[in-house]
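Enquirer: Based on what follows, work out the 3D shape:
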Amino acid sequence: QIEFEEELRVKEREIEDAQDSAKELAKEGERKELRIDSLLIEREEGLRELANVHESLQEMGAVVTNQQAHITYLQAEKEKDMDRVRDLADEELLRAKEQIATLTMELEVIQDQVRVA
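Expert: Numbers count the residues shown, from 1 in each chain. This next block holds a predicted model:
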């Protein structure tokens with residue numbers, strides 16, 4: 001029984017570690033989202049600057065067309081980057097949740113064994 005109780009304590013520590021890991025992953029995801037927000041703000045500022053340039057260069061149609069194409073490219077790249085960061089954070093969070101679920105099931109088995117013993 002002492003052995004089961006020790007194993008139970010170990011599993012409980014593992015669950016706590018997994019939960020801490022999940023929290024850290026969530027925090028990391030939040031930090032990445034904040035970084036994305038910061039980049040979006042910088043991008044928006046850049047787009048405002050581009051709009052001012054656009055107004056100044058309206059007579060030069062070729063320049064305006066190139067700027068619009070560049071803006072579209074930046075928007076597509078931003079969307080891809082945001083999707084990649086979100087996907088990575090989601091994958092990490094899913095792995096952590098799966099680990100927590102596995103450890104929880106193991107803990108329940110051990111608890112049942114301790115109760116039986």
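Enquirer: nearest residue to Ala22 other than its sequence neighbours?
Expert: Ala96 (3.8 Å; CB to CB, 6 or more residues apart in numbering). Backbone N, C-alpha and C define where each C-beta goes, glycine included.
Enquirer: Which helix or which strand is home to the one you found?
Expert: helix 61-116 (DSSP states H and E).
Enquirer: which helices and strands does that helix pack with?
Expert: With contacts taken as 3 or more CB pairs under 8 Å, 6 or more residues apart in numbering; DSSP states H and E, helix 61-116 sits against helix 2-56.
Enquirer: For the helix it packs on, name the packing helices and strands.
Expert: Using 3+ CB pairs under 8 Å, 6+ apart, helix 2-56 is in contact with helix 61-116.
Enquirer: rewinding a little: confidence score at the residue nearest to Ala22?
Expert: With respect to pLDDT, Ala96 scores 93.
Enquirer: hang on, it packs against Ala18?
Expert: Yes: Ala96 is within contact range of Ala18, at 6.3 Å (criterion: CB atoms under 8 Å).
Enquirer: Can you give me the neighbour number for the residue nearest to Ala22?
Expert: 19 (other CB atoms under 10 Å).
Enquirer: and it, how far is that from Met82?
Expert: 21 Å (CB to CB, to the nearest Å).
Enquirer: cool, Gly61 as well?
Expert: Taking CB to CB, one finds Gly61 at 32 Å from Met82.
Enquirer: Which of those two has more residues huddled nearby?
Expert: A count of neighbours by other CB under 10 Å puts Met82 above the other of Gly61 and Met82, at 16 against 9.
Enquirer: Check what pLDDT the more buried one gets.
Expert: For Met82, the pLDDT comes out at 92.
Enquirer: how much space between it and Ala22?
Expert: Counting by CB to CB, the gap from Met82 to Ala22 is 22 Å.
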